[in-house]
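Q: could you look at this predicted model? Sequence included:
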Amino acid sequence: MDKKLLNILACPLCKSPLIYKKEAQELICKADRIAFPVRDEIPVMLEDEARELSNDEVDALA
């Protein structure tokens, strides 16, 4: 994922910064505890496409 794009992207729900997890191809919002998929290097920033993160996943981000 392009670093310039990552620097300007924010969570569409709360406007918090996002964390890119390359191995999972996801953008993570720690504040809302959700992950947005990245498909073919394109972030899918739709609430309906996001998945909720488990407590373990959130703890691993700290």
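A: Sure thing, it's come through. Numbers count the residues shown, from 1 in each chain.
Q: going by C-alpha atoms from here, please, whenever you check contacts or count neighbours.
A: Will do.
Q: quick one: end-to-end distance for stretch 29-46.
A: 13 Å (C-alpha to C-alpha, to the nearest Å).
Q: cool, stretch 23-38 as well?
A: Chord length of stretch 23-38, first to last residue, is 11 Å (C-alpha to C-alpha).
Q: what's the answer for stretch 29-47, then?
A: Stretch 29-47: ends 12 Å apart by C-alpha to C-alpha.
Q: the helices in the protein, which residues?
A: Assigned by DSSP state H, the helices in the chain fall at 3-8, 55-61.
Q: quick one: list the elements packing against the last one.
A: Contacts of helix 55-61 with other secondary structure elements, assessed using 3 or more C-alpha pairs under 8 Å, 6 or more residues apart in numbering; DSSP states H and E, are absent: no helix or strand is involved.
Q: identify the residue spatially nearest to the residue nearest to the spatial centre of the chain, adjacent ones excluded.
A: Taking C-alpha atoms, centre = their mean, the centroid of the chain lies closest to L27, which sits 2.0 Å from it. Spatial nearest neighbour of L27, excluding adjacent residues (C-alpha to C-alpha, 6 or more residues apart in numbering): Y20 at 4.6 Å.
Q: with D32 instead?
A: D32's closest residue in space is C14 (C-alpha to C-alpha, 6+ apart), at 7.4 Å.
Q: my read: the one you found touches K30, true?
A: No. In this structure, C14 is not within contact of K30 by C-alpha atoms under 8 Å, at 10.3 Å.
Q: and these two? which has more neighbours close in?
A: Counted by other C-alpha atoms under 10 Å, C14 and K30 do not tie: K30 has more neighbours, with 19 against 10.
Q: quick check: phi and psi at that one.
A: Main-chain dihedrals, K30, degrees, to the nearest 10: phi -70, psi -30.
Q: for C11, give me its contacts.
A: Counting by C-alpha atoms under 8 Å, 6 or more residues apart in numbering, C11 makes contact with 17-18, 29, 45.
Q: fine by me, thanks again.
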